[in-house]
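Chemist: My questions are about this predicted structure, shown below with the sequence.
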Amino acid sequence: MTQTVPTILILCVVMNFLALGSSNLKSLIRAVAIQGFLLSVFPLAFAHTPTLRLLLLVVGSAGVKGFLIPIMLFRA
């Protein structure tokens, strides 16, 4: 847990800078999707024993933020 939290936060900041610096809309959507996925997995780093409720919430939010919303944006 000691290295997981800073690693996820650094990756989120890097994805944020990538999104700010990109002029291509598809790369922006991908960067924001990766950032949303990382932030939705973030609560697992703090759970000593993940419960079923936490796992369902993480899987649901990762699916919506990381896959469903980007797919809808690519089709628009």
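Modeler: All right, it came through fine. Note that this is a predicted model, so its numbers are computed, not measured.
Chemist: Okay, now the unreliable bits of the chain?
Modeler: Within the chain, the stretches with pLDDT under 70 are 1.
Chemist: Break down this protein into its strands, ranges please.
Modeler: Counting by DSSP state E, the chain has no strands to list.
Chemist: Now residue 26: closest residue in space, sequence neighbours ignored.
Modeler: Nearest non-adjacent residue to residue 26, counting by CB to CB, 6 or more residues apart in numbering: residue 74, 7.1 Å away. C-beta here means a position set from N, CA and C on the backbone, and glycine is covered the same way.
Chemist: tell me, what residue is most central in this protein?
Modeler: residue 37 (2.0 Å; CA atoms, centre = their mean).
Chemist: any idea how far residue 10 is from the residue nearest to it when sequence neighbours are not counted?
Modeler: Distances taken as CB to CB, 6+ apart put residue 66 closest to residue 37, at 3.3 Å, once the chain neighbours are dropped. Distance from residue 66 to residue 10, counting by CB to CB, to the nearest Å: 18 Å.
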